[in-house]
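**Q** just need the structure, nothing else, for what follows:
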Amino acid sequence: MDINCDTITELWSKTYNTKGNPDWSHILPYYADDIYFRDSIQEIHGIREFTAMTERLADRSKDLKMHIVRAVQQENVIFLEWEMTLSYKNNPGSTIYGCSRVTLNADGKISEQRDYYDLWGDIFDNIPRFGPAYRRFMRKKFG
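**A** Numbering: from 1, shown residues only. As a prediction, this is how the structure comes out:
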């Protein structure tokens, strides 16, 4: 299967919308052995490290849902806008709003994935009084 906007949307939606923990087993074969992944928390090189990261996330997440808002493609680069709702242990679910840039190599495999999101802001918004205080701080210092 060639990866394009439609297939990656279908694959990613299946990854996060299974009953219980997320499951990456069906999408990992679409990643190149030398995958480079980066987000706000970590930087990973290689399919072994990437697979281990997906397993850690699956172990920690009791409920994780991904809604792909839209996907666009320009040549070998696909941008995905997404909303990820997750909950850890006994905490209520939080929605994180983000975007991923996925680059395909000459073999059509995902060779790079860069995820962009405001982890703290989206999580803090769900904590009474702390969320508004965090947003005031951000507006004062960076707005």
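
**Q** center of the protein, which residue is that?
**A** residue 115 (6.1 Å; Cα atoms, centre = their mean).

**Q** list the buried residues of stretch 136-143.
**A** Within stretch 136-143, no residue qualifies as buried by neighbour count (16 or more other Cβ atoms under 10 Å). Using the backbone N, CA and C atoms, a C-beta is placed for each residue, glycine as well.

**Q** returning to what we had before: nearest residue to the residue nearest to the centre of the chain other than its sequence neighbours?
**A** Counting by Cβ to Cβ, 6 or more residues apart in numbering, residue 115 lies nearest to residue 39, which is 3.9 Å off, once chain neighbours are set aside.

**Q** so how far is residue 12 from residue 100?
**A** As judged by Cβ to Cβ, to the nearest Å, residue 100 and residue 12 stand 9 Å apart.

**Q** and residue 24, what is it in contact with?
**A** 15, 51, 54, 58 (Cβ atoms under 8 Å, 6 or more residues apart in numbering).

**Q** farthest pair in these?
**A** 15 and 51 (12.9 Å; Cβ to Cβ).

**Q** of these two, which one has the most company?
**A** The neighbour comparison of residue 15 against residue 51 (other Cβ atoms under 10 Å) goes to residue 15, with 19 against 16.

**Q** that one belongs to a strand?
**A** No. Per DSSP: H, G, I helix; E, B strand; the rest coil, residue 15 lies outside any strand segment and is helix.

**Q** and it, how close does it get to residue 78?
**A** In terms of Cβ to Cβ, residue 15 sits 15 Å off from residue 78.

**Q** show the pLDDT at the residue nearest to the centre of the chain.
**A** Residue 115 carries a pLDDT score of 95 in this model.

**Q** now do the buried residues in the helix or strand encompassing it.
**A** Using DSSP states H and E, the element containing residue 115 is strand 110-117. Using 16+ other Cβ under 10 Å as the burial criterion, the residues of strand 110-117 that qualify are 110, 111, 112, 113, 115, 117.
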